[in-house]
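1. make a model of this:
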Amino acid sequence: MKNLLATLADLSTFDEVIDVRTPLEFADDHIPSAINAPVLSNEERVIVGTLYKQDPFAATKLGAGLVAKNLGIHLATTFKDKPKNWKPLIYCWRGGKRSGSMTTWFNLIGWKARQLRGGYKAYRGEILVKLEAIPAVSRFIVLAGHTGCGKTRLLNALENEGAQTLDLEGLAKHRGSVLGASPASLQPSQKSFDSQLIHQLSQFDPSRPVFVEAESKRIGLVHLPASLMLAIRAADCILVQASFEDRIRFLCDDYSNLFDDPLNFKTKLSRLVEMHGKAVLADWNELIDQGKKAELFSELISKHYDPAYKRSSQNNYLRLAAARPLVIDPSSDLSECARQLIVDLGA
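-> A predicted model of the protein is given here:
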């Protein structure tokens, strides 16, 4: 049969990208445009893999039968309405038997299917190369400032006004502080975060700057690549400022839902016991029980967030001292602020 291999450079020439790995593998990471049509389930892959260590021939025969069964199911469901000229790209872990089986059968049917050379492994290798290269040639503008000063609000306003923005906390599904984890959404795996990051960076116009919030090198359980940290720490900065009282108001709005689950809130704060001591944590827990939002966030700002900011930001962001100041409050027209920044900075 003719050569049925394709490379990542051919990705845009296909009608659909199909990941035939297990749902667990797909959930860990995948090519952003791919759909999952596993030829082995999570459990089936374990069974075949365990048997392979004892008897490779028996495992291969069992695997072939399972793949054939699952291919039949996909043909009767997921792919039943695909036209004759449909052209899918198919991949598995490293371009082996799983994707090869589907590619062969699809071509026997008459579809113009191709197998990705090197599979997901090749894709992951390319992501790692891009993680080093793309941030280094990107121009960032960093929104710096104390916790609670409205940086995320401004970033969202800039996006709404057409600026290029990189929402790292959104990609990481975490707000970046000890309170940042959301019980409603799990963080992506590191590989998935990397893929989403590169996918977004690749969409930007390199002639225009990208606005991004100041971040530490870790957002929850996800690590930012060293190349990105170097780029944003050397970037021009906008120092977003708000009064102490307004910062409390912003935090009360942003984190008010934490008071809906006091036990979970206390669990989050318990990670700070070594830093602040049991007596301080006991006081904070009492404020949670009493529903005193403003009092608690006032304590967190003065005793935790501001000291941490003082320790890190001046050293981490090289151009912070020359940053353009921008004061906002709850009544600020952030759309107008964003439009003015876009004009002034040629963004």
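2. name the residues of the lowest-mean-pLDDT helix or strand in the chain that come out as buried.
-> Counting by mean pLDDT, DSSP states H and E, the chain has its least confident helix or strand at helix 306-316, which shows a mean of 77. For helix 306-316, a neighbour-count test (16 or more other C-beta atoms under 10 Å) marks Asp306, Ala308, Tyr309, Ser313, Asn316 as buried. Where you see a C-beta, it was placed from the backbone N, CA and C, and this is true even at glycine.
3. what is the nearest of those to Ala34?
-> Asn316 (36.1 Å; C-beta to C-beta).
4. who's in contact with the nearest residue to the closest one once chain neighbours are set aside?
-> Spatial nearest neighbour of Asn316, chain neighbours left out: Arg233 (5.4 Å); criterion: C-beta to C-beta, 6 or more residues apart in numbering. Neighbour list for Arg233: Asn316, Tyr317, Leu318 [criterion: C-beta atoms under 8 Å, 6 or more residues apart in numbering].
5. redo these as a markdown table? Include distance to Asp205.
-> Output for the contacts of Arg233, formatted as a markdown table (distance: C-beta to C-beta, whole Å):
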| residue | distance to Asp205 |
| --- | --- |
| Asn316 | 27 |
| Tyr317 | 24 |
| Leu318 | 25 |
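6. any idea which of those is closest to Asn156?
-> For those, the nearest to Asn156 is Tyr317 (21.2 Å; C-beta to C-beta).
7. tell me if I'm right that the closest one and Asp236 touch.
-> No: Tyr317 is beyond contact range of Asp236, at 9.7 Å (criterion: C-beta atoms under 8 Å).
8. which residues of the stretch 1-150 of the chain score low on pLDDT?
-> Low-confidence segments of the stretch 1-150 of the chain (pLDDT under 70): 1-2.
9. domain assignment for the protein?
-> 5-128, 134-345 (automatic domain parsing).
10. end-to-end on the first one?
-> Spelled out, it's domain 5-128. End-to-end span of domain 5-128 (C-alpha to C-alpha, to the nearest Å): 22 Å.
11. same deal with the last one?
-> The first residue of domain 134-345 is 21 Å away from its last residue (C-alpha to C-alpha).
12. tell me where the stretch 51-200 of the chain has helices.
-> According to DSSP state H, counting those that start in this stretch, the stretch 51-200 of the chain carries its helices in the segments 56-76, 97-109, 119-133, 151-160, 168-172, 190-203.
13. what count of nearby residues applies to the nearest residue to Thr60 once chain neighbours are set aside?
-> By the measure of C-beta to C-beta, 6+ apart, the closest residue to Thr60 outside its immediate chain neighbours is Tyr52, 7.6 Å from it. Tyr52 has 15 neighbours, counted by other C-beta atoms under 10 Å.
14. what's the answer for the one 5 residues further on, then?
-> Each residue near Phe57 was counted by other C-beta under 10 Å, and the total is 9.
15. same thing with Glu43?
-> Glu43 has 9 neighbours, counted by other C-beta under 10 Å.
16. what about it, which helix or strand?
-> Per DSSP states H and E, Glu43 falls inside helix 42-54.
17. residues in contact with that helix?
-> Helix 42-54 has contacts (C-beta under 8 Å, 6+ apart) with Thr22, Pro23, Leu24, Leu40, Ala58, Ala59, Thr60, Leu62, Gly63, Leu66.
18. got it, and stretch 4-15?
-> 17, 31, 33, 86-89, 95, 103-104, 107, 113-118, 122-123, 126.
19. 7 Å - rerun?
-> Contact with stretch 4-15 is made by 17, 86-89, 103, 107, 114-117, 122-123, 126, as judged by C-beta atoms under 7 Å, 6 or more residues apart in numbering.
20. which of the residues you listed count as buried?
-> Val17, Trp86, Lys87, Pro88, Leu89, Thr103, Asn107, Arg114, Gln115, Leu116, Ala122, Tyr123.
21. now the residues you listed as a markdown table including distance to Phe211?
-> Output for the buried ones among the contacts of stretch 4-15, formatted as a markdown table (distance: C-beta to C-beta, whole Å):
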| residue | distance to Phe211 |
| --- | --- |
| Val17 | 31 |
| Trp86 | 40 |
| Lys87 | 38 |
| Pro88 | 37 |
| Leu89 | 34 |
| Thr103 | 42 |
| Asn107 | 47 |
| Arg114 | 39 |
| Gln115 | 40 |
| Leu116 | 34 |
| Ala122 | 33 |
| Tyr123 | 28 |
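22. of all those residues, which two lie farthest apart?
-> Greatest spatial distance among the buried ones among the contacts of stretch 4-15 (C-beta to C-beta): Trp86 and Ala122, at 23.3 Å.
23. Leu269 against Ala282, yeah?
-> No: taking contacts as C-beta atoms under 7 Å, Leu269 lies outside contact range of Ala282: 10.5 Å.
24. which one of the two is surrounded by more residues?
-> Each of Leu269 and Ala282 has its neighbours counted (other C-beta under 10 Å); Leu269 has more, 21 against 10.
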